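Colleague: have a look; sequence and predicted model below, questions after that.
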Amino acid sequence: MPEQADHPRWLDRFRWLLIPAAGLGALGVFAKIAREVQERETTAVDRAVSLTLHRLDSPWMDAVMLAFTFLGSFPAVAAVVVAVAIWRVRSHDRRSAVALVLVVAVTELLNLGLKEIFQRPRPSLFQEIATLHSYSFPSGHAMASAAVYGSVAGVLARAYPAWRRAILLGACSLVLLIGLSRVYLGVHWITDVLAGWAAGAFIALAAALAAAWPDQ
């Protein structure tokens with residue numbers, strides 16, 4: 001019993017180190033993937049994962065994956081952020097509301113900038129279900145889902161601590177399925193998705209740090 005009571009205090013004491021450390025770790029993962037993509041060291045893995053997921057192809061699976069990919073689109077994540085931001089403003093938590101809006105803006109701008117920097121072509125292994133003409137690296141859906149749904153999950157977990165585990169598990173599952181849907185649909189390589197998750201995690205962690213920063 002004493003250990004359970006002390007754990008939250010220990011975690012709170014060191015969160016100012018843990019969150020930045022996790023953010024730096026996410027940046028490190030992104031940098032490693034980006035380097036290997038530029039050096040074309042991921043071709044075999046990318047092809048293998050894409051072809052494996054494509055074996056699941058069916059009209060039912062197409063519909064499921066299109067639904068998940070929609071949840072990672074800008075209209076969907078923007079609608080979620082607006083709803084949660086309004087709720088937080090009404091709950092007198094404007095800092096979280098502002099942080100969520102900034103997460104969306106930063107994510108979209110960073111995604112566009114990174115795509116122009118790397119200019120990786122989209123996959124062309126098979127007939128894509130969803131055809132796009134922008135660059136592939138990193139996956140904007142993966143980045144947005146990790147950043148936005150990760151940040152929203154953090155806000156919900158703070159508001160409803162009794163449901164923290166279920167909220168975080170649900171958010172992680174959603175982010176995972178959104179990312180895999182992009183590979184299944186043939187519009188991204190798995191390394192695009194992994195890099196998107198890493199970049200999105202960094203943004204979510206930065207937002208969590210900003211939201212938890214003590215008032216002066």
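Modeller: Okay, I see it. Residues are numbered from 1 along each chain as shown.
Colleague: shaky segments in this structure?
Modeller: Applying pLDDT under 70 to the chain picks out residues 1-17, 126-133, 211-216.
Colleague: any idea how far residue 70 is from residue 53?
Modeller: From residue 53 across to residue 70, the span is 18 Å (C-beta to C-beta, to the nearest Å). From N, CA and C alone the C-beta is placed, and that goes for glycine too.
Colleague: these two touch, right, residue 163 and residue 157?
Modeller: Yes. Under the criterion of C-beta atoms under 8 Å, residue 163 makes contact with residue 157 at 7.5 Å.
Colleague: so which of these two has more stuff around it?
Modeller: residue 157 (18 against 12; other C-beta atoms under 10 Å).
Colleague: give the contact list for the more buried one.
Modeller: 163-164, 167-168 (C-beta atoms under 8 Å, 6 or more residues apart in numbering).
Colleague: so which of these wins on neighbours?
Modeller: Within those, neighbour counts (other C-beta under 10 Å) peak at residue 167, which reaches 20 neighbours.
Colleague: quick check: it vs residue 57, distance?
Modeller: In terms of C-beta to C-beta, residue 167 sits 32 Å off from residue 57.
Colleague: centroid residue for this structure?
Modeller: Nearest residue to the geometric centre of the chain (C-alpha atoms, centre = their mean): residue 146, 1.4 Å.
Colleague: residues contacting that residue?
Modeller: Contacts of residue 146 by C-beta under 8 Å, 6+ apart are 175, 196-197, 199-201, 203-204.
Colleague: name the nearest residue to it, sequence neighbours excluded.
Modeller: In space, and not counting its chain neighbours, residue 146 is closest to residue 200: 2.7 Å by C-beta to C-beta, 6 or more residues apart in numbering.
Colleague: by contact count, what packs against the strand or helix carrying the one you found?
Modeller: Under the criterion of DSSP states H and E, residue 200 resides in helix 190-212. Counting contacts by 3 or more C-beta pairs under 8 Å, 6 or more residues apart in numbering; DSSP states H and E, helix 190-212 is packed against helix 2-38, helix 43-54, helix 94-118, helix 140-144, helix 150-159, helix 164-184.
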